[in-house]
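Engineer: generate coordinates for the sequence data below:
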Amino acid sequence: MLTEIKTERLLLRRLREADRENIVALQADPETNKFNVVPHTVEGARELYDAWMTQWAEHGFGYLTVSALDEPEVIVGFGGVRYHEWNGERVLNLAYRFWPFAWGKGYATEMAAAAVEWAEREIPDVPVIANIMASNEPSIRVAERLGFTVHTEEEYEGEPSLHLRR
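Structural biologist: Numbers count the residues shown, from 1 in each chain. Predicted coordinates:
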């Protein structure tokens, strides 16, 4: 079971019920949704959080809260991998979302690298993927830094969406 991962600057730990409102607010924040064709609502974000907590209960891993090591009480974002069905294939979906105050510091790349390394070591038979809207250049750059390349391009809600794999 995954409980936490420490990187050079970050603490990644399992989601807790006490994190719910912070993560729901982050998931539904208009600024963090600027590349989403269908932005998350607070209610939709609560439903997602429930699903993420179920993932943890059933599989012992999932999305993680992210804090700076020197300020572990301040959540700067969340991310990691969780099981997902993609076009009939079981995959590990890589996700990352950070509060705007944490943008531009390399946190997403550092967190995602640690999560992908963990997934490829612990669940090597399930591919890690990233689904990113083609307009979300910052998120695409994070995936590319980790060695992900475009596997397919599809349409999501009338907009191009990229499916990346390593």
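
Engineer: which residues touch the host helix or strand of E154?
Structural biologist: Element membership of E154, judged by DSSP states H and E, is strand 149-156. Contacts with strand 149-156, where a contact means C-beta atoms under 8 Å, 6 or more residues apart in numbering, come from 37, 129, 131, 133-134, 160-166. Placement of C-beta: from N, CA and C, glycine included.

Engineer: ok, now with 10 Å
Structural biologist: 36-38, 86-87, 127, 129-134, 140, 143-144, 160-166 (C-beta atoms under 10 Å, 6 or more residues apart in numbering).

Engineer: which strands and helices sit next to the helix or strand following it?
Structural biologist: Following the chain from strand 149-156 toward its C-terminal end, the next helix or strand by DSSP H and E is strand 159-165. Using 3 or more C-beta pairs under 10 Å, 6 or more residues apart in numbering; DSSP states H and E, the elements in contact with strand 159-165 are strand 89-98, strand 128-133, helix 137-145, strand 149-156.

Engineer: that older thread, mind giving me the PyMOL select for the contacts of strand 149-156, buried ones only?
Structural biologist: In PyMOL, the members of the contacts of strand 149-156 classed as buried (16 or more other C-beta atoms under 10 Å) are selected with the following command:
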select buried, resi 127+129+130+131+132+133+134+140+143+161+162+163+164+165
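
Engineer: count of neighbours near A28?
Structural biologist: Number of residues near A28 (other C-beta atoms under 10 Å) recorded here: 18.

Engineer: if we can go back for a sec, quick one, the strand holding E154 and strand 159-165 angle?
Structural biologist: Going by axes from the mean of the first three to the mean of the last three C-alpha atoms, to 10 degrees, strand 149-156 is angled at 150 degrees with respect to strand 159-165.

Engineer: who does strand 149-156 pair up with?
Structural biologist: Sheet neighbours of strand 149-156, with direction, are listed as strand 159-165 (antiparallel) (DSSP bridges).

Engineer: what angle sits between the strand holding E154 and helix 137-145?
Structural biologist: 150 degrees.

Engineer: sec struct for R121, please.
Structural biologist: Here R121 takes the helix state, with states given by DSSP: H, G, I helix; E, B strand; the rest coil.

Engineer: what's the neighbour count on it?
Structural biologist: In terms of burial, R121 registers 8 neighbours under the definition other C-beta under 10 Å.

Engineer: I'd guessed T32 sits against F98; true?
Structural biologist: Yes: with contacts counted by C-beta atoms under 10 Å, T32 reaches F98, the gap being 7.5 Å.
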